[in-house]
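Chemist: next come a sequence and a model predicted from it.
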Amino acid sequence: MRQSIRILSLAIVLVLATEPALAARKRPPAAPTPAPAPAPQPTGNTAATVYKDGVALHQAATTSSPTLATLARGSAVEVDRQDGLWFNVKTQPGAVGFVRINEVRLAQAKGSGNDGYSMFGGRPKAGETAGVRGISSEDLRGATYDPAAVAQMDTFRVDDATARAYASRDHLQATQVAYKKEPGIGQGHRETSGSPEDAQVHAAENSAAKKGLFGMIGGQLGLGSSVADNAADAMPKSEQEKYDEEIAMGPQVAGRVLSVMPIWNNPQAQQRVNTIGRWVALQTPRDDLPWTFVVVDSPTMNAFAAPGGYIIVTRGLYEVLASDDEVAAVLGHEISHVVSRDHYNVIRKQAMTSMALNVGTDQFVGAMGKAGANPFAQKLAGYFAKEGAAVLLTGFDKSVEYRSDAASMIYIARAGYNPLAMYAVLQKLEAAADPGRTGNLLSTHPGFESRLDNLDKHGIDAVSQYTDRPYTMAMR
């Protein structure tokens, strides 16, 4: 009897084990997962003005399509939607066609509803309005370091192979594009190459700059010139030392921003900005930095660059970027700040000055004069405890921002994108230029109209042969 029960049990087990396999054979094969559709292009009616002479109004968003009319500079038009790097416009008395995105200037459109932000795809969360200002200098100054957020940000980082695979999949061809203003700081932390004579000149220039800075500080402290010279000589001199300081600064700054602007819970967006950002960074002289990108959950439209390759973009800005080209343009601007050590230089100068003016003479000389000491690295944590990440809201000279706009066009052209995407980004910022969404950005940058003017004068010529590249649609 027991043996019969065992045989019956075994039969039941065999039936249960084979049933799913038999059922699977009967089912038809699953259909392949369809590719995600391009993000829909929002529409609206935004006033604009024709900005160039003899602008051709095309029947379709391509230069090969028939010309419907020729528009004079200053003509009023209405922009209905963006189509790639073209605007679909209505003219007076009623012609409808397409013009290039850099041939008109959008007017500032304020208020809720059909404004510039809504037109270009911004999707505010429930309860958010244009009056939400997001982050302020006081918030940043009082921000504490959030190591868990930095650790999470670091997990988003992608390697070179991932970035190159993305570029290959999307047919983005790396291109050699000359850039006459390329920063001559060597390859990341590697020493700059050149003749011994060039090295001596470079060292002399660095020494003179340092002694000038510390001569000023020494005068305020009542120190002799020889003491100031010795203090200046204790500052880092090599690319490796500068690199190490940048790497130390980056998490300190980013970790404070992330404590008041939390990371956006959107893994796809985080993967996208890191992949695109890494690919663009590979086209710069500083491809060996640990480039790391993140989108933070804020409705404001802004982006920040911290030393060492930490780049932060707000959700409000990310959501109006309609293509990978436009994402690349925003990241390219911030990457340029890191490549040129813009924030690093500002932070370092402020930190060293603060340290010198807030300690006694003996302590200052002792700290600066120790053989091999790097007082900046030793005091960095204390400086950030006082200033927080408010250093990111320090405005640069206009020429620095203009340079970063132009550099972005160079970098994204090298990466295979259409450099007109930089115009698209600035046009959108202009159309949504109200204090709630772009107030902090405008407090640290020149006006969007002047930035567009500068691109016309100093940016477009260098990349004009790449402005007809195919537009890379966003896949969200």
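Modeler: Everything's here; your move. The structure displayed is predicted, hence computed values, not measured ones.

Chemist: domain-wise, how is the chain divided?
Modeler: Per the record, the chain has its domains at 43-107, 137-187+240-343+392-466, by automatic domain parsing.

Chemist: how about the ones you listed in JSON lines, adding mean pLDDT?
Modeler: Shown next, in JSON lines, are the domains of the chain (pLDDT from 0 to 100):
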{"stretch": "domain 43-107", "mean pLDDT": "89"}
{"stretch": "domain 137-187+240-343+392-466", "mean pLDDT": "87"}
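
Chemist: quick one: contacts for A303?
Modeler: Residues in contact with A303 (CB atoms under 8 Å, 6 or more residues apart in numbering) are I311, I312, V313, T314, L317, V330, L331, H333, E334. For every residue, glycine as well, the C-beta is placed using N, CA and C.

Chemist: isn't the fifth one up against M301?
Modeler: Yes. Counting by CB atoms under 8 Å, M301 is a contact partner of L317 at 4.2 Å.

Chemist: quick one: which of the domains of the chain is nearest K349?
Modeler: The minimum distance between K349 and those falls on domain 137-187+240-343+392-466, with 10.4 Å, by CB to CB.

Chemist: quick one on the thing from earlier: which two in the contacts of A303 are spaced the farthest apart?
Modeler: Taking CB to CB, the two most distant members of the contacts of A303 are T314 and H333; they sit 13.9 Å apart.

Chemist: of those two, who's got more company?
Modeler: H333 (27 against 24; other CB atoms under 10 Å).

Chemist: check contacts around the more buried one.
Modeler: Neighbours of H333 in contact, by CB under 8 Å, 6+ apart: A303, S404, D405, A407, S408, M422.

Chemist: which residue packs closest to the fourth one, ignoring adjacent ones?
Modeler: Looking back up the chat, that one is A407. Closest residue in space to A407, ignoring its immediate chain neighbours: S336 at 3.8 Å, by CB to CB, 6 or more residues apart in numbering.

Chemist: secondary structure element holding A305?
Modeler: For A305, the host element (DSSP states H and E) is strand 303-306.

Chemist: give the buried residues for the helix or strand just after that strand.
Modeler: Note on strand 303-306: by DSSP H and E, the next helix or strand toward the C-terminus is strand 310-314. Buried residues in strand 310-314, counted by 16 or more other CB atoms under 10 Å: Y310, I311, I312, V313, T314.

Chemist: spatially nearest residue to the fourth one (excluding sequence neighbours)?
Modeler: Read it as V313. That would be A303: by CB to CB, 6+ apart, it lies 4.6 Å from V313.

Chemist: what do you get for the last one?
Modeler: Residue nearest to T314 in three dimensions, not counting chain neighbours: S298, with 4.4 Å by CB to CB, 6+ apart.

Chemist: just checking, that neighbour touches Y318?
Modeler: No. Taking contacts as CB under 8 Å, S298 lies outside contact range of Y318: 10.0 Å.

Chemist: would you list the contacts of H333 in JSON lines and tack on distance to S340 and secondary structure?
Modeler: Formatted as JSON lines, the contacts of H333 follow (distance: CB to CB, whole Å; DSSP: H, G, I helix; E, B strand; the rest coil):
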{"residue": "A303", "distance to S340": "16", "secondary structure": "strand"}
{"residue": "S404", "distance to S340": "8", "secondary structure": "helix"}
{"residue": "D405", "distance to S340": "13", "secondary structure": "helix"}
{"residue": "A407", "distance to S340": "8", "secondary structure": "helix"}
{"residue": "S408", "distance to S340": "12", "secondary structure": "helix"}
{"residue": "M422", "distance to S340": "17", "secondary structure": "helix"}
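
Chemist: highest neighbour count among those?
Modeler: Top of the contacts of H333 by neighbour count (other CB under 10 Å): M422, with 32 neighbours.

Chemist: report the separation between that one and F448.
Modeler: Separation of M422 from F448 (CB to CB, to the nearest Å) stands at 11 Å.

Chemist: please enumerate the strands of the protein.
Modeler: With strands called from DSSP state E, the chain shows them at 43-50, 55-58, 67-71, 76-83, 86-91, 96-100, 104-106, 292-296, 303-306, 310-314.

Chemist: thinking again about what came up before, now, the most widely separated pair of the contacts of H333?
Modeler: Across the contacts of H333, the longest distance by CB to CB is 14.4 Å; it joins A303 and A407.

Chemist: neighbours of K457, how many?
Modeler: Neighbourhood size, K457 [other CB under 10 Å]: 11.

Chemist: measure it to M409 for me?
Modeler: With distances taken as CB to CB, K457 is found 13 Å from M409.

Chemist: so L317 and M301 - more neighbours on which side?
Modeler: M301 (29 against 26).

Chemist: for E246, see how far away that one is.
Modeler: Taken as CB to CB, the span from M301 to E246 is 27 Å.

Chemist: just Q350 next, same as before
Modeler: Applying CB to CB to Q350 and E246 gives a distance of 15 Å.

Chemist: who's more crowded, the two?
Modeler: Applying other CB under 10 Å to Q350 and E246 shows that E246 carries more neighbours, namely 25 against 14.

Chemist: list the contacts of that one.
Modeler: L289, P307, G308, G309, R341, Y344.

Chemist: could the residues you listed go into a markdown table alongside neighbour count and distance to R469?
Modeler: Listed next are the contacts of E246 as a markdown table, based on neighbours: other CB atoms under 10 Å; distance: CB to CB, whole Å:
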| residue | neighbour count | distance to R469 |
| --- | --- | --- |
| L289 | 22 | 26 |
| P307 | 29 | 31 |
| G308 | 26 | 31 |
| G309 | 26 | 26 |
| R341 | 20 | 30 |
| Y344 | 21 | 32 |
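
Chemist: dump these to JSON lines, plus distance to L68.
Modeler: Formatted as JSON lines, the contacts of E246 follow (distance: CB to CB, whole Å):
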{"residue": "L289", "distance to L68": "48"}
{"residue": "P307", "distance to L68": "50"}
{"residue": "G308", "distance to L68": "51"}
{"residue": "G309", "distance to L68": "47"}
{"residue": "R341", "distance to L68": "49"}
{"residue": "Y344", "distance to L68": "51"}
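
Chemist: and of those, the nearest to F87?
Modeler: Among these, G309 lies closest to F87 (CB to CB), at 34.1 Å.

Chemist: the closest one: what's it in contact with?
Modeler: E246, G250, A281, R286, L289, P290, W291, T292, V338.

Chemist: where exactly do the helices run in the stretch 151-300 of the chain?
Modeler: 160-169, 196-221, 225-233, 239-260, 267-281 (DSSP state H, counting those that start in this stretch).

Chemist: please save the CA atoms from the last one in PDB.
Modeler: Extracted as PDB, the C-alpha positions of helix 267-281 are listed here (Å, rounded to 0.1, in the frame of the first residue of the first chain):
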ATOM      1  CA  PRO A 267      16.900  55.800 -13.000                       C
ATOM      2  CA  GLN A 268      16.500  56.300 -16.800                       C
ATOM      3  CA  ALA A 269      17.200  60.000 -16.600                       C
ATOM      4  CA  GLN A 270      20.300  59.300 -14.400                       C
ATOM      5  CA  GLN A 271      21.600  56.700 -16.800                       C
ATOM      6  CA  ARG A 272      20.900  59.100 -19.800                       C
ATOM      7  CA  VAL A 273      22.800  62.100 -18.400                       C
ATOM      8  CA  ASN A 274      25.800  60.000 -17.300                       C
ATOM      9  CA  THR A 275      26.000  58.200 -20.700                       C
ATOM     10  CA  ILE A 276      25.700  61.400 -22.700                       C
ATOM     11  CA  GLY A 277      27.900  63.400 -20.300                       C
ATOM     12  CA  ARG A 278      30.700  60.800 -20.400                       C
ATOM     13  CA  TRP A 279      30.600  60.600 -24.200                       C
ATOM     14  CA  VAL A 280      31.000  64.400 -24.400                       C
ATOM     15  CA  ALA A 281      33.700  64.500 -21.700                       C
END
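
Chemist: thanks again, I'm all set now.
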